[in-house]
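1. quick one: sequence and predicted model below, then my questions.
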Amino acid sequence: MLIMQSIQEKADQIVKELNQFDDWLDKYQYIIDKGKELPTAGLEIKIDENLISGCQSKVWLTSEYRDGRVYFKGESDALITRGLVSMVIQVYSGCTPDEILSFEPKFIEQAGLSQHLSPTRNNGLLSMIKQIKLYALAWKIRNNPSTLKK
Amino acid sequence: MKLDVDALRNDFPILQQRVYGKPLIYLDNAATTQKPREVIQAITNFYEQLNSNVHRGNHYLSAKATDTMEQARNDIASFIHAPNSEEIIFTHGTTESINLVAYGFAKSLLQPDDEIIISALEHHSNLVPWQQVCLQKGAHLKVIPLDDTGQIRFDAFQNLISDRTRLIALAHVSNVLGTILPIEKVIKIAHQNGIPVLIDGAQAVQHLPVDVSQLDCDFYAFSGHKIYGPMGIGILYAKSSWLQKLPPFQFGGEMIDIVSFEKTIFSDIPFKFEAGTPNAEGVIGLAAALNYLNRIGLDNIFDYENELFHYALNVLSQINGVHIVGNAQKRCSVISFLIDHIHPYDSGTLLDQFGIAVRSGNHCAQPLMNVLDVPGTVRASLSFYNTREEIDALASAIEKVKNFFL
């Protein structure tokens, strides 16, 4: 049986990998290669309903819920952004809604991504994480409506 | 006279800086221009020596600050050849200047089924206000289409004019394509039909001679920060006959003559449109910028920029795989381009790492991106402090970006 990495371990892994580069070109090459690892989600997810609005490149994100865990699929029209989508999905996919909701995404800063990739509207990295948390919250409520009752 | 660009660059402290360990190459001048030391000094001087509320106190400082600000109004009026300085209204920027006119039209001039004409290349700030006003009043927005070069289709424009057209609002220069619109011809035809014209000069006033008297436009809007002045100050030039006709945009102090609890008599122009304490440092900083430009000589600046623009067009268009978006006969300062198979966001991100500041994205002109059928563009926009060496550096960085994504 596969040993599941925790969300923190997966984030630490990203941080470790991104911090191994001295040259920023190598770092971007790594991010782009990460994008290539992302399975092609296909045209069906590229619909406006799944679009996270960003100023410069488009990101589409969907989620599925299986056995108490949330799985994400994503796409982008830009290669660097696709790499970011891939990394974010690697961290969050396969976690429970509670894990996703309580996890602080410090890995972005630790991996030097906020320094090179502005966290504002440029790449939508933070919008992506916000959307992931919204999906997690939606699955949590759908499966346990009583969480809404205080 | 040729410009001594190396000497002029020393007037801009920010240009001396390095980013990611590389010399900064600033090619995002259409977004905002850098500020010469004189402008920064004028703002500092204001707070060190003049600060007090204008038009209010009868004490020494207030009178001096008021005089300085009103002198700045005169300087700004002369810069664009406005006949009277009372036709210069201080706003926050081009966006607010346009909103002021849009509000006035909606409030007192626009009727259901009236029409407003804009073009397909407008910045959102000269599109959304008119669209919203039309929605609010049941009026219709008519859009002049573009030809293949990125110029407005004049024949189509003439066909759009009707007896319901109440205003034509057009950019002087496109912020995406650099196209210089034939506004002289537009204004002439519009006036023959009794229609006023508003010109969005945000991308023009720093690159072309602008003479509002000669143009005979009814409104001309621009921003201070795009012409080497501070952020947060904008100008609306409007013919005084229009300013008399339009209602105030905002209400409060400074714009009133007599107030009782029952009614208010508003001040004369320009003050009727300047409610509240004005951005005096911005006004004074803007005048300092215009005086700086006048001293270098506008002709010298524009000649140099024109030469550099054509040099850049030539260099970039020779790069294999680079496509310049738009090729109107008359263009200035702005070059939008795409690199084959590379998303503009990807190229912009890498160019930044080479120390080159360009903008990538839709440039606040989403409808234009749809017309052009592109996801966005990379935009290099020039100023007189840019050099041929910087253009060469951009070209060589583009080659590196291409190799990276091979």
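-> Noted; the coordinates are in hand.

2. check which helices and strands whichever helix in chain A runs longest sits against.
-> Longest helix of chain A, by residue count under DSSP state H: helix A:125-143. Judged by 3 or more CB pairs under 8 Å, 6 or more residues apart in numbering or on different chains; DSSP states H and E, the packing partners of helix A:125-143 are strand A:51-52, strand A:59-66, strand A:69-76, helix A:79-92, helix A:97-102, helix A:107-110. C-betas here are computed from N, CA, C, even on glycine.

3. what helix or strand is the spatially closest residue to residue B:54 that is not a sequence neighbour located in?
-> Spatial nearest neighbour of residue B:54, chain neighbours left out: residue B:66 (4.4 Å); criterion: CB to CB, 6 or more residues apart in numbering or on different chains. Taking DSSP states H and E as the definition, residue B:66 sits inside helix B:60-79.

4. what packs against the very next helix or strand once past that helix?
-> Using DSSP H and E, the next helix or strand after helix B:60-79 towards the C-terminus is strand B:88-91. Counting contacts by 3+ CB pairs under 8 Å, 6+ apart, strand B:88-91 packs against helix B:60-79, helix B:94-108, strand B:234-238.

5. got the contact list for stretch B:2-16?
-> By CB atoms under 8 Å, 6 or more residues apart in numbering or on different chains, the list of residues contacting stretch B:2-16 from outside reads B:24, B:26, B:34-38, B:40, B:292, B:296, B:300-301, B:304, B:384-385, B:387.

6. residues near residue 23, how many?
-> Just going to use chain A. 8 (other CB atoms under 10 Å in any protein chain shown).

7. let me rephrase: I mean chain B.
-> Residues near residue B:23, counting by other CB under 10 Å: 15.

8. nearest residue to it other than its sequence neighbours?
-> residue B:355 (6.1 Å).

9. now swap in residue B:231 and tell me
-> residue B:225 (4.3 Å).

10. need the per-residue pLDDT for that neighbour.
-> Listed pLDDT for residue B:225 reads 98.

11. same question for residue B:116.
-> Residue B:116 is given a pLDDT of 98.

12. ok, now residue B:275?
-> 89.

13. got it, and residue B:318?
-> With respect to pLDDT, residue B:318 has a value of 97.

14. burial measure for it, as a count.
-> Neighbour tally, residue B:318, other CB under 10 Å: 9.

15. do you know how far it is from residue B:380?
-> The gap separating residue B:318 from residue B:380 is 15 Å, by CB to CB, to the nearest Å.

16. residues in contact with residue A:51?
-> A:58, A:59, A:60.

17. just to revisit the earlier point, what's the burial count for the residue nearest to residue B:54?
-> Residue B:66, neighbours per other CB under 10 Å, totals 18.

18. next one: residue A:38
-> 18.

19. which of the three states applies to the closest residue to residue B:286 other than its chain neighbours?
-> Take residue B:286 and drop its neighbours on the chain: the residue closest to it by CB to CB, 6+ apart is residue B:229, 3.6 Å away. With DSSP: H, G, I helix; E, B strand; the rest coil as the basis, residue B:229 sits in coil.

20. residue B:32 is in contact with residue B:229, correct?
-> No. If you go by CB atoms under 8 Å, residue B:229 and residue B:32 don't touch, sitting 10.0 Å apart.

21. those two: which is more packed in?
-> residue B:229 (33 against 16).

22. for that one, what are phi and psi?
-> Backbone torsions for residue B:229, taken as degrees, to the nearest 10, come to phi -100, psi -180.

23. ok, it - contacts?
-> B:35, B:39, B:282, B:285, B:286, B:288, B:289, B:290.

24. return the closest of those residues with respect to chain A.
-> residue B:35 (22.2 Å; CB to the nearest CB).

25. so how far is residue B:129 from the closest one?
-> Distance from residue B:35 to residue B:129, by CB to CB: 28 Å.

26. and for residue B:339?
-> 34 Å.

27. tell me which of the two has more neighbours.
-> Remark: of residue B:339 and residue B:129, residue B:129 carries more neighbours, 23 against 20, as counted by other CB under 10 Å.

28. residues touching the more buried one, list them.
-> Applying CB under 8 Å, 6+ apart, the residues near residue B:129 are B:95, B:98, B:99, B:102.

29. picking that back up, give the buried residues for the helix holding residue B:66.
-> Residues B:62, B:65, B:66, B:68, B:69, B:72, B:73, B:75, B:76, B:77, B:79 are the ones in helix B:60-79 that count as buried (16 or more other CB atoms under 10 Å in any protein chain shown).

30. tell me the contacts of the fourth one?
-> Counting by CB under 8 Å, 6+ apart, residue B:68 touches B:46, B:50, B:280, B:284.

31. in strands only, show me these.
-> The members of the contacts of residue B:68 all map outside strands under DSSP state E.

32. isn't residue B:20 right up against residue B:350?
-> No. In this structure, residue B:20 is not within contact of residue B:350 by CB under 8 Å, at 11.4 Å.

33. which one's more surrounded, those two?
-> residue B:350 (22 against 11).

34. just after the strand or helix carrying that one, pick out the following helix or strand.
-> For residue B:350, the host element (DSSP H and E) is helix B:344-353. Downstream of helix B:344-353, the next assigned helix or strand under DSSP H and E is strand B:356-357.

35. let me know the pLDDT of residue 119.
-> I went with chain A, as the question did not name one. 45.

36. I was thinking of chain B, sorry if that wasn't clear
-> 98.

37. burial of it, as a residue count?
-> 27.

38. if I pick it, what's in contact with it?
-> B:143, B:144, B:146, B:152, B:157, B:170, B:171, B:181.

39. just give the closest residue to the residue nearest the centre of chain A, not the sequence neighbours.
-> Central residue of chain A (CA atoms, centre = their mean): residue A:88, 2.4 Å from the mean position. The shortest distance from residue A:88 to any residue other than its chain neighbours is 5.3 Å, reached at residue A:128 (CB to CB, 6+ apart).

40. state the phi and psi torsions of whichever residue of the stretch 1-150 of chain B sits closest to chain A.
-> Across the stretch 1-150 of chain B, the shortest distance to chain A (CB to the nearest CB) belongs to residue B:20, at 7.3 Å. Residue B:20 adopts backbone torsions of phi 50, psi 40, taken as degrees, to the nearest 10.

41. who's in contact with it?
-> A:24, B:353, B:355.

42. what's the answer for residue B:140, then?
-> Residue B:140 neighbours (CB under 8 Å, 6+ apart): B:113, B:114, B:115, B:116, B:134, B:164.

43. just name the shakiest helix or strand of chain A by mean pLDDT.
-> helix A:113-116 (a mean of 63; mean pLDDT, DSSP states H and E).

44. below-threshold pLDDT in chain A: ranges please.
-> A:1-3, A:53-55, A:115-123, A:147-150 (pLDDT under 70).
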